[in-house]
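1. Fold the stuff below for me.
(2 chains)
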Amino acid sequence: MSSRFAAVSVQSADFDPGIEIARLGTSADVGAVATFVGLVRGVTTPGQEPAVTALELEHYPGMTERSIADIVELAEQRWTLGAVRVIHRIGRLAVGDRIVFVGVSSRHRGDAFAACEFIMDYLKTRAPFWKKEWNARDEAHWVDARDTDHTAAARWS
Amino acid sequence: MITVRFFARIREQLATTELQWPAIATVSELVADLAHERGQAWAEALLAPQIIVAINQQVANRDSVIVDGDEVAFFPPVTGG
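-> You can find the predicted model right below:
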């Protein structure tokens, strides 16, 4: 079980994508590393002034790590992968801060690209995290789940 | 006894993070019990159709069976990533 969870980190601290990418590419049979980095977006409506000043991420300790590990396992059953790394931050984050990292290595790029996108789509609809947004007047509201995220996840089934 | 946990918007609506409750047969019965004991706000929050329920950190449903010592959690649709 320890190796299953070693690839998943839920943490308040920031991460260094460069270090993570380097770690994913240390095996001689790896020919591709695909990554995704999610950031706190300040602009909610394109063309408008930034409406969000900060984001707070709540999670369900234990269930969150387990659900991400389950998603990684599904990806490993579906594609031929080398290493997988998922980091998700929690707590209060500022606009521009990194929220999430998904990195996948494989022999060829196709598997890495597909698995990276699959893991993100499933994480967004299955892992128990909740976002709360703050605006310039220091008012907070919970972010609603988006139908487009469920549509994105559904195309893999 | 079972442990009942609430997250995000539901935690704030109910002003409750966690409570201990006598063991009860199913999720539906737990919700009915909580609504009966705690009132209308609890009924509305827990009966909302989009609410997700988990038992021992695995997603469950309203008919799922609860046993003594279980951890039952209620939370809104997830919005991470």
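
2. Now the phi/psi pair for the spatially most central residue of chain A, please.
-> Chain A has residue A:100 as the residue nearest its centroid, 3.9 Å off, counting by C-alpha atoms, centre = their mean. Per-residue torsions, residue A:100: phi -140, psi 150 (degrees, to the nearest 10).

3. what's around the closest residue to it other than its chain neighbours, how many residues?
-> Among residues not flanking residue A:100 along the chain, residue A:38 sits closest, at 4.0 Å (C-beta to C-beta, 6 or more residues apart in numbering or on different chains). Using the backbone N, CA and C atoms, a C-beta is placed for each residue, glycine as well. Using other C-beta atoms under 10 Å in any protein chain shown, residue A:38 has 18 neighbouring residues.

4. what does the one 5 residues further on give?
-> Residues near residue A:43, counting by other C-beta under 10 Å, number 12.

5. Shouldn't it be within a helix?
-> No: counting by DSSP: H, G, I helix; E, B strand; the rest coil, residue A:43 is not part of a helix but coil.

6. Identify the residues contacting it.
-> Residues near residue A:43 by C-beta atoms under 8 Å, 6 or more residues apart in numbering or on different chains: A:49, A:50, A:51, A:52.

7. Distance check, the residue lying closest to residue A:36 once chain neighbours are set aside against residue A:113.
-> The shortest distance from residue A:36 to any non-neighbouring residue, by C-beta to C-beta, 6+ apart, is to residue A:102 (4.6 Å). With distances taken as C-beta to C-beta, to the nearest Å, residue A:102 is found 11 Å from residue A:113.

8. Those two: who's more crowded?
-> residue A:102 (27 against 15).

9. Any idea what that one is bridged to?
-> residue A:36, residue A:86 (DSSP bridges).

10. which parts of chain A sit against chain B?
-> A:38, A:57-60, A:62-63, A:66, A:88, A:99-100, A:120, A:123-132, A:142-146, A:149 (C-beta under 8 Å from any C-beta of the partner chain).
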